[in-house]
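Colleague: Quick one, fold the following:
(3 chains)
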Amino acid sequence: MDLLKRIKDRRPEYDTAHEAMITRFTLVQGGKAGSATEETAWQQGKFFTTKYELYIYATLLGLKTDYRLPLRPDANTTGFIEMRSWQPQDLTEYVIMGVLAKSDIDFYELEKKEEKKVEDTILQLRKLIEEYANGGLDKIRAKLEDDSAFFENNDNCFIDLLYQS
Amino acid sequence: MIIEKIELENFMCYSGRQTMKFTEGINVIVGDNGYGKSKLYDAFYWALYDQIFVTEQKKFLGTSEVRSKVVSDKAIFETKEGKVAASVKIIFHDLEKDSIYILRREFTAWKENGALREDRNSELTIQVKGLPFQNAKMITDREEMDKIIEKILPAQIKPYLWFQGEQVESIIDFNQQDTLTRAINVLSSITRYDEIKTVATLASKTARTEYDREVRRLSNDAVRSQELEKQRNDLEVLIERHLKEETEIKENLSRAEEKRELLANKSADAHKVTVLQQKKKDILDQLEELNKSFDDEQIAFHRKMFRNKWVLKGTRELVEIYSKRYDQYDQQRIAANIATPRLPIDVPEPIYLQRMLDQERCLVCDREAKKGTEPYDMIAALLHRSDNKSNLATSPAHKQNFSTDFKRLYQNGLSLAHRIDDIDEDIADTLNKINNQRNRIKTTAKALQDTEKEIENLLIAASINADQAQQIDAEYYVQNEKIIDFVDRLARVSQKLESFRNELRGVNDQLRSLVKTEIPAWLTEKQQVLSDFEIIAFSTRDRVFSNLIQQLETEANRHYEAMTAGNKSARGRIKLKKLPNQNYMPEIIDEKGSPLLGSNTSNLILVKLAAIMAIVSAKSSAGIVDFYTLITDAPTSVFGEDYTIGFCKTISKVYKQSIVMSKEFYKNQQLQEELLNNPEINVGKVYVITPSIRESERINRNTLSTTIETLK
Amino acid sequence: MTKEEIYKNYLKDPLLFEKRILSNDKAEKLKFSDDTGIKLLEILKMAIDGNVDQDSESVISRKINAYLNK
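Modeller: Now for the predicted structure:
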């Protein structure tokens, strides 16, 4: 019953090596939370109003291109707020669905498991999310490196990116 | 009267004795600024008129005011003791009578003990040689001396023949309306006709008075006559007053019309500008709106990534995979009896089940399900499932029940999947919309640019600026109103005049009717003849004057064209325009007859020079150009190199002799050569003057002398 | 301008033609020295004479008036 709830309690993390890139495309909130608006975002040339938005994007990108990239063992990581607070929730759940679909977690067997095991599975799920996100982020990074002009002077870059995968 | 020679001795910057000879044709004295050209002009002027032109004060001053200034500083400096004098001697030759006039003016000062004592005045001596072989006779009679000077150059025409470049402005001053009239009067015999007009008026008036007296004398009713005469006087006074008013209004009207015409030309453009400015404003507003909605669209665009689920593009496969796995999971549960065998709870939802029962129809297979039949019961059973909790059995092996969550994910995935199909179209639509907006903005921006360019071009062409454009419209309106007002007043005055005149006629008739006996025929005839005389005197004068103006205009244009021949830029035509107060003003017009806007200074000066030349060369001026010499200092500096040759050509053709001081030929070798070699220029003597010290290097003038070199 | 030239200018006046005092042909051929018998023309000559010879206006006017008094 509360599987979803427990999944959503987690906060996925990302490699801080991607921090600069994430910041570049994300409107960095000012002192007051939620003080910046969409208008500001666009005017600053930013495409995402929150970091997790980019994360969602990256995760879906990784998922649909089947690109799962484990985080480096020595990587410094940092996270966002827990998934429960992500907006919009339907996309959040979709992501979870996607990761579940791609995972080798047996739904049926899972119900037989102990609490501890369930907890492990949830952790495993989170890790998967992170890996797919990492993959997506890597793809974005690669694109940026190969063709930085793609992101400059192109208001539609992330939309175009949807078509290129 | 030709000038044959000038001799200067210690005059201003010309220390020592210097001589210059002149012949017929154009004699040129070349020198840069400050080299002594205008001092040479001063020499001529001083000799005849005892005055020099003081540049700093921009006016002529007499010897008594300038005193030893006319004497060369070097000469003063070098004279240790005794007399030091400046003198100018000019020899004039009257070609017709072959007589010679020698004019010499001298100013003396004395050095005594290092100090300078000056005379107050200069001294003029005139000698005459009746015939070349005769001895020169000294003229001592003051009156005769004045006559000779008048003969050499009549005071009236002096301003038009001897002038400095700077004076051209004032000789024909476009701001003074009667300038041209005065010049024409001076140089033609139009004054005769004016005088005869006066005679006619006088004679006519005398006759009328006589006539009136006779009428009064022969009147039957003396009292009535007197009354009528009084009336007549009053009427005549009224008429005169109204005539004055009429003229005034006409003048005002004409001035307003002139202003309006000027404005009309500018106004047409100004109006265009105003219209365009409005257009520009509208475009700007439009552009602002377009930009705003474009911005809005752009902002919303990115949100669509999440709001319209674009980010899900290409992820349909995930839903499919998940569906399969969920299906598998669900079937496993069913198999393990922990899930309902058939459908999950709430599938179909209760409202549909209820609908099926109410319609007694199965909506899945679309067949009857009448109440009481098996299909009906099956449907009802589904509806009451939730009542039967026993259906949800839990197997002891299953510690958890995540079915709701998995189902939820499934349903969520499904509903979002539907939207995936529309994403491409949605994106395409949005991009299209944005593109259209972008294009519209581009087009509008271009329109703005074009409009701005149009405005700029108009402003340049009409040589007005944006503020003026609005002002002009307003001013035009004002002048127009004035004109309407003046026309109105004029009409009223004319009406009044007409009625007064009628009244006057009536009174005169009445007066005459009181006379029972005949008024002597000769008197009536006399009055008639003199009245005719007056009419003819007036009309002939105007006719002669108009012809003269016409001649002048043609002549001036001839000169103007000749002088501007070297320069292709728009020069227009000279028109002598008649003003309501009978004065004339020269103006430059284009081919259409409207005033040429933006005439540059050179052109205007040339127009004035052309006008002056026309005046002195017009046939009716009795050979002024043949008889008198043109002496002018540097008019060419006013209109520059372009026109200099044209000017020289014309001058040499118009005047029998001219002496021109110019700087234009100084450095310009090519110009010099053309002057000397051009067959169309009747060139006389050419001199180059050089000072011993340049003006910039002069601390004092104690060593200043001027060299004169003959070029031809 | 000679007296005759001035005279000719006056002879061109349309009033003379309108009042049938002088036709255009006659006007052209007329000399200053010709005695016309037409009072208007004679006083014109008197005015011109007087003006060129520098009589004062009042003198000329008087002469003309006197001439017309017959």
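Colleague: if I look at the residue lying farthest from the centre of chain A, how far off is A:Ile105?
Modeller: Here chain A has its C-alpha centre computed as a mean, and the residue farthest from that point, by C-alpha atoms, centre = their mean, is A:Lys112 with 29.6 Å. A:Lys112 sits 13 Å away from A:Ile105, going by C-beta to C-beta, to the nearest Å. Yep, even glycine has a C-beta here, placed from its N, CA and C like the rest.
Colleague: Next: B:Asn135.
Modeller: When distance is defined by C-beta to C-beta, B:Asn135 is 146 Å away from A:Ile105.
Colleague: Which one of these two is surrounded by more residues?
Modeller: Neighbours of B:Asn135 and A:Ile105, each counted by other C-beta atoms under 10 Å in any protein chain shown, are more numerous for A:Ile105; the result is 16 against 8.
Colleague: can you tell me which helix in chain A is longest?
Modeller: In chain A, taking DSSP state H as the definition, the longest helix is helix A:115-146.
Colleague: what pLDDT, on average, does whichever helix or strand comes after it get?
Modeller: With elements assigned by DSSP states H and E, the helix or strand that comes after helix A:115-146 is helix A:157-164. Helix A:157-164 carries an average pLDDT of 83.
Colleague: And the contacts of helix A:157-164?
Modeller: Helix A:157-164 is contacted from outside by A:25, A:47, A:57, A:61, A:140, A:143, A:150-151, A:154, B:302, B:305, B:310-311, B:313-314, B:427, B:431, using C-beta atoms under 8 Å, 6 or more residues apart in numbering or on different chains.
Colleague: Can you point out the buried residues in stretch A:76-85?
Modeller: Within stretch A:76-85, the residues scored as buried using 16 or more other C-beta atoms under 10 Å in any protein chain shown are A:Phe80, A:Met83.
Colleague: Ends of it, what's the gap?
Modeller: When the termini of stretch A:76-85 are compared using C-alpha to C-alpha, to the nearest Å, they are 23 Å apart.
Colleague: thinking again about what came up before, what comes up buried for the longest helix of chain A?
Modeller: Of the residues in helix A:115-146, those with enough neighbours to count as buried (16+ other C-beta under 10 Å) are A:118, A:121-122, A:125-140, A:144.
Colleague: mind checking the longest helix of chain C?
Modeller: Ranked by residue count under DSSP H, the longest helix found in chain C is helix C:39-52.
Colleague: Which secondary structure elements does it sit against?
Modeller: helix B:190-217, helix B:521-564, helix C:3-11, helix C:57-68 (3 or more C-beta pairs under 8 Å, 6 or more residues apart in numbering or on different chains; DSSP states H and E).
Colleague: and the longest one with chain C, contact?
Modeller: Yes: interface with chain C: helix B:521-564 contributes B:522, B:525-526, B:529-530, B:532-533, B:535-537, B:539-540, B:543-544 (C-beta under 8 Å from any C-beta of the partner chain).
Colleague: got the angle between that helix and helix C:3-11?
Modeller: For helix B:521-564 against helix C:3-11, the angle by axes from the mean of the first three to the mean of the last three C-alpha atoms, to 10 degrees is 100 degrees.
Colleague: What's the first helix or strand after helix B:521-564?
Modeller: Remark: after helix B:521-564, the chain's next helix or strand is strand B:573-578, criterion DSSP H and E.
Colleague: partners of that next one in the sheet?
Modeller: Strands adjacent to strand B:573-578 in the sheet, as given by DSSP bridges, are strand B:584-589 (antiparallel).
Colleague: Can you find the helix or strand of chain C with the lowest average pLDDT?
Modeller: helix C:24-29 (a mean of 85; mean pLDDT, DSSP states H and E).
Colleague: Off-centre distance for it?
Modeller: 14 Å (C-alpha atoms, centre = their mean, to the nearest Å).
Colleague: tell me the mean pLDDT for the longest helix of chain A?
Modeller: If you average the pLDDT values across helix A:115-146, you get 88.
Colleague: Stretch B:217-235 now?
Modeller: For stretch B:217-235, the per-residue pLDDT averages 86.
Colleague: Pull out the buried positions in that stretch.
Modeller: Using 16+ other C-beta under 10 Å as the burial criterion, the residues of stretch B:217-235 that qualify are B:Leu218, B:Ser219, B:Ser225, B:Leu228, B:Glu229, B:Gln231, B:Arg232, B:Leu235.
Colleague: Confirm for me that the last one is in contact with B:Gly506.
Modeller: No: using C-beta atoms under 8 Å as the test, B:Leu235 is too far from B:Gly506 to be in contact (9.5 Å).
Colleague: overlap in contacts of those two?
Modeller: Residues touching both B:Leu235 and B:Gly506 (C-beta under 8 Å, 6+ apart): there are none.
Colleague: what's near enough to touch the residue nearest the centre of chain A?
Modeller: The centre of chain A sits closest to A:Tyr55, judged by C-alpha atoms, centre = their mean, with a distance of 2.5 Å. By C-beta under 8 Å, 6+ apart, the contact set of A:Tyr55 is A:Pro12, A:Tyr14, A:Phe80, A:Ala133.
Colleague: ok, for residue 11, nearest residue in space, not its chain neighbours?
Modeller: Picking chain A for this. The spatial neighbour of A:Arg11 that comes closest, neighbours along the chain excluded (C-beta to C-beta, 6 or more residues apart in numbering or on different chains), is A:Gly79 at 4.2 Å.
Colleague: that's the other chain; I wanted chain C
Modeller: Leaving aside its sequence neighbours, C:Leu11 sits nearest to C:Ala27 (C-beta to C-beta, 6+ apart; 4.3 Å).
Colleague: what about that neighbour, neighbour count?
Modeller: C:Ala27, neighbours per other C-beta under 10 Å, totals 17.
Colleague: returning to that earlier point: nearest to B:Pro348 among the residues of helix B:521-564 next to chain C?
Modeller: Taking C-beta to C-beta as the measure, B:Pro348 sits nearest to B:Arg543 out of the residues of helix B:521-564 next to chain C, at 116.6 Å.
Colleague: C:Asn9 is in contact with the closest one, correct?
Modeller: Yes: at 7.4 Å, B:Arg543 counts as touching C:Asn9 under the criterion of C-beta under 8 Å.
Colleague: Quickly note the distance from C:Thr23 to C:Phe17.
Modeller: For residue C:23 the amino acid is Ser, not Thr. From C:Ser23 across to C:Phe17, the span is 7 Å (C-beta to C-beta).
Colleague: So between those two, which is more surrounded?
Modeller: Higher neighbour count among C:Ser23 and C:Phe17: C:Phe17, with 14 against 11, using other C-beta under 10 Å.
Colleague: Let me see the contact set for the more buried one.
Modeller: For C:Phe17, the set of contacting residues under the criterion of C-beta under 8 Å, 6+ apart consists of C:Ser23, C:Asn24.
Colleague: The helix or strand hosting A:Met97 close to chain B?
Modeller: Counting by DSSP H and E, the secondary-structure element that holds A:Met97 is helix A:89-102. Yes: using C-beta under 8 Å from any C-beta, a contact is recorded between helix A:89-102 and chain B, made by A:Asp90, A:Leu91, A:Glu93, A:Tyr94, A:Ile96, A:Met97, A:Gly98, A:Leu100, A:Ala101, A:Lys102.
Colleague: Do a quick rundown of the helices in the stretch 401-550 of chain B.
Modeller: Counting by DSSP state H, counting those that start in this stretch, residue ranges of the helices within the stretch 401-550 of chain B are B:403-461, B:466-513, B:521-564.
Colleague: Which of the ones you listed sits closest to B:Ser254?
Modeller: From the helices of the stretch 401-550 of chain B, taking C-beta to C-beta, the stretch that ends up closest is helix B:466-513, at 9.1 Å.
Colleague: Can you pull the poorly scored residue ranges out of the chain?
Modeller: Here I'm looking at chain A. Residues of chain A that meet the criterion pLDDT under 70 lie in A:1, A:28-46, A:153, A:165.
Colleague: let's do chain C instead
Modeller: Residues of chain C that meet the criterion pLDDT under 70 lie in C:1, C:70.
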